[in-house]
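>>> Sequence first, predicted coordinates after that:
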2 protein chains.
Amino acid sequence: MEQIQIAASTHSYKVEIGASLRFQLESIIEGSYKNILVITDSEVAPLYLEDVKQSFPSHVEITEHIVPAGEASKSMEQYSRLMDTCIARQLDRKSLIVGLGGGMVGDLAGFAAATYLRGIDFLQMPTTILAHDSSVGGKVAINHTQGKNLIGCFYNPIQVIYDTETLSSLPSAEIRSGFGEVVKHALLSDSAWCEEILKTNILHLSSEQLNEYLAKGIKVKAQIVEEDEKEQGIRKHLNLGHTLAHALEAELGYGRITHGEAVAIGIWFAMRVSEQYLEASLPVGNYIKWLQMNHYPINLAETIDPDRIIERMKWDKKTVDSQIHYVLLEAVGNPVVQKIEEGLIKEYLSDFIKEVSGIDERN
Amino acid sequence: MEQIQIAASTHSYKVEIGASLRFQLESIIEGSYKNILVITDSEVAPLYLEDVKQSFPSHVEITEHIVPAGEASKSMEQYSRLMDTCIARQLDRKSLIVGLGGGMVGDLAGFAAATYLRGIDFLQMPTTILAHDSSVGGKVAINHTQGKNLIGCFYNPIQVIYDTETLSSLPSAEIRSGFGEVVKHALLSDSAWCEEILKTNILHLSSEQLNEYLAKGIKVKAQIVEEDEKEQGIRKHLNLGHTLAHALEAELGYGRITHGEAVAIGIWFAMRVSEQYLEASLPVGNYIKWLQMNHYPINLAETIDPDRIIERMKWDKKTVDSQIHYVLLEAVGNPVVQKIEEGLIKEYLSDFIKEVSGIDERN
């Protein structure tokens, strides 16, 4: 079991990474609770919910709230129902909410924990690679019909327990999605690690290698959020690839592309913009080969309309005074934020769509 | 203009108290904003909304969201509509939400500001005496059908601007309500000040005296919340009178008694329990005379049923492990928290109802 300590502004907490941790919760969890609510989704529940529940002694009151799998459950309606459940189960200020699942579950459960009785303890149990990113850093939220994560707050978990065995059942698209954020963490921090990843077929990783990459990714994220929890400064770097990704997800319709796959495409674009705008020298060729080798759905980006994408980028929650702020790379490990004029972004985007159209998805 | 500085955990902010401040907002507000949303209610809007809006220069985009007056607007439904408005008005992370009104507006607007885009700036403009209490300390919330303030968080305003001229239009019940918390602050802190208040007819106060009492009350509250923002310890003292008050409000049905009037009755009960349980020596006689002189609706407490009240007390959000924690006074200025056995509380409550029934409301 690997342990990473995160110093958040409100308190310090541990991320525990290892196989079979879901069977050892009683000994791993630091607090003591009489009343626990596990929030999970309809796909994760049949796989791991019973293991989690059985992992506590019988005197603990442990119940569950299961939401439908999928981003649509991060809604005001599901949030409201969840509050009803918290009250019906008589959770008090000493109770615990566990978020067992991917980023959707973590965000929803975290927002519930943050706002029930003005905040009760919250434990994250990520079950996807992508959630190595979202489970650290304290961002919790639900979506609005007008955009993702528009309603939320900053609320840190008391512990993150990452049973990597639960990753073995992930479909390929989910592995790619998770690696969109892993490769981002590498690009933000470490060119040697980045080079290594870009040689890797992520669909055939050993569990040791996967655990190592997750721990590395979490450390990169932790270091950034420790320095800038509220995203006043360098935390913005974590949005590398995300401005286009959010627009892409919204434009294609949620569910047609996973978040991390969209991020991976967004990173490609950010690299191209960095080359042109900053004259940066970046491993774009290897990056594209890596996307192809791992079957990222890059052809989806062929169909987009630059004007519509620009409109979506402008109405992103990271917009300030209606200007688009872009995270670029001066080099691997050296991110910067740039305001870029709308006309220029549009030009870059048209070039990018042409490039994408000329490339075969499957190499 | 009096100024009180409050050192919250996230940042320090000022409470400005004085007449006509609503006409001078541009010069008083410390931040600079291009897009401001004023949240207010249907009773306050016709009185003060235009003054507030006119107080800003014309290049500031300033719009309003008006909710129906009354506690019922602290609902999930109104909160959800408010989020729609924030998005429709394109509020971004540099925008400001102003809560113009009493505690209901402050709580709702504060919860909106806390959770929109994970938190944007929030300015409180209290228009009631009661809100001298709620506008300081960072508690924001909405109600659930099962209880008040069950959904919320801690979120500090960036400034509180208290135009005491807006208090002149308050009806008597609202003045009494506000003084329920003022007298609580006196009882928690200062026996000389307490003695002075208990001689006062609060319906005929000079504005100077009122301003002084409000400033004193805010200082008591500030000192406590600075030491214990998240209510792990001494902040619980601020619940003096509130355990019975919450049960009373719920039992009578919201709207039949104001919050602060219920608190004033709750304090009387807490004083009686303190005498019996702690053998405390307290000015209960003067306190009852003060309630009568100011026409507090004490006869409403005659009709309550002890068993039902106990049930409601047990299911209060301050309950931990289903035990009732009670704030008592060892002396004026010396509060303590006690776990009291249910049977004993029931006995005290029966005695109290008998006492109330024997007393004429209007002296």
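Structure's in. What do you need? Numbers count the residues shown, from 1 in each chain, chains lettered A, B, ... in the order given.
>>> SS state for residue A:72?
helix (DSSP: H, G, I helix; E, B strand; the rest coil).
>>> For burial, what's the neighbour tally of residue A:208?
Neighbour count for residue A:208, taken as other Cβ atoms under 10 Å in any protein chain shown: 9. Any C-beta I mention is one placed from the backbone N, CA and C, and that applies to glycine too.
>>> any idea how far it is from chain B?
36 Å (Cβ to the nearest Cβ, to the nearest Å).
>>> The strand or helix carrying that residue: which residues count as buried?
Per DSSP states H and E, residue A:208 falls inside helix A:207-227. Judged by neighbour count using 16 or more other Cβ atoms under 10 Å in any protein chain shown, the buried positions of helix A:207-227 are A:210-211, A:213-222, A:224-226.
>>> what's in contact with that helix?
By Cβ atoms under 8 Å, 6 or more residues apart in numbering or on different chains, the residues outside helix A:207-227 that reach it are A:2, A:4, A:6-8, A:15, A:17-19, A:129, A:132-133, A:136-138, A:162, A:164, A:167-168, A:181-182, A:185-186, A:188-190, A:193, A:197, A:200, A:205, A:233-235, A:237-238.
>>> Show only the entries of these found in helices.
Per DSSP state H, helices hold the following members of the contacts of helix A:207-227: A:132, A:133, A:181, A:182, A:185, A:186, A:188, A:189, A:193, A:197.
>>> just the contacts of helix A:207-227 that are near chain B?
Contacts with chain B are made by none of the contacts of helix A:207-227, judged by Cβ under 8 Å from any Cβ of the partner chain.
>>> got the residue ranges for the helices in chain A?
Going by DSSP H, chain A shows helices at A:25-28, A:50-54, A:76-88, A:103-115, A:131-134, A:172-189, A:191-198, A:207-227, A:242-252, A:259-278, A:284-293, A:306-314, A:342-357.
>>> and residue A:124, which of the ones you listed is closest to it?
Closest to residue A:124 of the helices of chain A is helix A:103-115 (Cβ to Cβ; 5.5 Å).
>>> Please name every helix or strand in contact with the closest one.
The contact analysis (3 or more Cβ pairs under 8 Å, 6 or more residues apart in numbering or on different chains; DSSP states H and E) places helix A:103-115 against strand A:35-41, helix A:76-88, strand A:96-101, strand A:121-126, helix A:131-134, strand A:139-144, strand A:147-154, strand B:147-154.
>>> Tell me the residues of chain A that contact chain B?
So chain A meets chain B at A:34, A:76, A:80, A:83-84, A:87, A:90, A:92-94, A:114-119, A:139, A:141, A:144, A:146-147, A:149-155, A:230, A:315, A:317, A:319-322 (Cβ under 8 Å from any Cβ).
>>> How much space separates residue A:15 from chain B?
21 Å.
>>> hang on, that residue packs against residue A:158?
No - counting by Cβ atoms under 8 Å, residue A:15 does not reach residue A:158; the two are 11.4 Å apart.
>>> These two: who's more crowded?
residue A:15 (25 against 19).
>>> and that one, how far is that from residue B:213?
Distance of residue A:15 to residue B:213, given as Cβ to Cβ, to the nearest Å: 50 Å.
>>> can you check residue A:214 too?
The gap separating residue A:214 from residue B:213 is 58 Å, by Cβ to Cβ.
>>> Which of the ones in helices among the contacts of helix A:207-227 sits closest to residue A:25?
Checking the ones in helices among the contacts of helix A:207-227 one by one against residue A:25 (Cβ to Cβ), the nearest turns out to be residue A:132, at 19.1 Å.
>>> and residue A:358, how far is that from residue A:302?
Relative to residue A:302, residue A:358 is positioned 9 Å away (Cβ to Cβ).
>>> Comparing these two, which residue is more hemmed in?
Shown here are residue A:358 and residue A:302; by other Cβ under 10 Å, residue A:302 has more neighbours (14 against 8).
>>> Which residue, other than its chain neighbours, is closest to residue A:344?
Distances taken as Cβ to Cβ, 6 or more residues apart in numbering or on different chains place residue A:277 nearest to residue A:344, at 7.6 Å, with adjacent residues excluded.
>>> give me the low-pLDDT residue ranges for the stretch 251-363 of chain A?
For the stretch 251-363 of chain A, the stretches with pLDDT under 70 are A:254, A:316-323, A:360-363.
>>> which residues does residue A:337 contact?
A:236, A:237, A:325, A:326, A:327, A:328.
>>> So the residue lying farthest from the centre of chain A versus residue B:315, what's the distance?
Largest separation from the mean C-alpha position in chain A: residue A:59, at 34.6 Å (Cα atoms, centre = their mean). Remark: distance between residue A:59 and residue B:315 (Cβ to Cβ) = 22 Å.
>>> what does residue A:188 give?
Counting by Cβ to Cβ - residue A:188 and residue B:315 are separated by 48 Å.
>>> do the same with residue A:299
56 Å.
>>> Between the two, tell me which one has more neighbours.
The neighbour count for residue A:299 versus residue B:315, taken as other Cβ under 10 Å, is higher for residue B:315 (16 against 13).
>>> wait, doesn't that one sit right on residue B:147?
Yes - counting by Cβ under 8 Å, residue B:315 touches residue B:147, with 7.2 Å between them.
>>> can you list the domain ranges for chain A.
Per automatic domain parsing, the structural domains of chain A span A:2-167, A:172-357.
>>> For the closest residue to residue A:54 other than its chain neighbours, give me its contacts.
Excluding the flanking residues, the one nearest residue A:54 by Cβ to Cβ, 6+ apart is residue A:23, at 7.9 Å. Residue A:23 is in contact with A:51, A:54, A:55, counting by Cβ under 8 Å, 6+ apart.
>>> List the contacts of residue A:309.
A:244, A:247, A:248, A:251, A:349.
>>> want to try TSV for the residues you listed, with neighbour count and distance to residue A:64 as columns?
Below are the contacts of residue A:309 laid out as TSV (neighbours: other Cβ atoms under 10 Å in any protein chain shown; distance: Cβ to Cβ, whole Å):
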residue	neighbour count	distance to residue A:64
A:244	27	37
A:247	23	35
A:248	26	34
A:251	20	35
A:349	23	44
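>>> Closest to chain B out of the residues you listed?
residue A:247 (16.6 Å; Cβ to the nearest Cβ).
>>> how much space between the closest one and residue A:314?
The value you get for residue A:247 to residue A:314, if Cβ to Cβ is used, is 9 Å.
>>> With residue A:88 instead?
Distance, residue A:88 to residue A:314, using Cβ to Cβ: 42 Å.
>>> more crowded one of these two?
residue A:314 (15 against 11).
>>> Okay, the more buried one and chain B: tell me how far apart.
Using Cβ to the nearest Cβ, residue A:314 is found at 10 Å from chain B.
>>> before we move on, back to that, who wins for most neighbours among the contacts of residue A:23?
With neighbours taken as other Cβ under 10 Å, the top of these is residue A:55, carrying 18 neighbours.
>>> Give me the pLDDT value at the residue nearest to it when sequence neighbours are not counted.
Ranked by Cβ to Cβ, 6+ apart and with sequence neighbours excluded, the top spatial neighbour of residue A:55 is residue A:25, at 4.0 Å. Per-residue pLDDT puts residue A:25 at 96.
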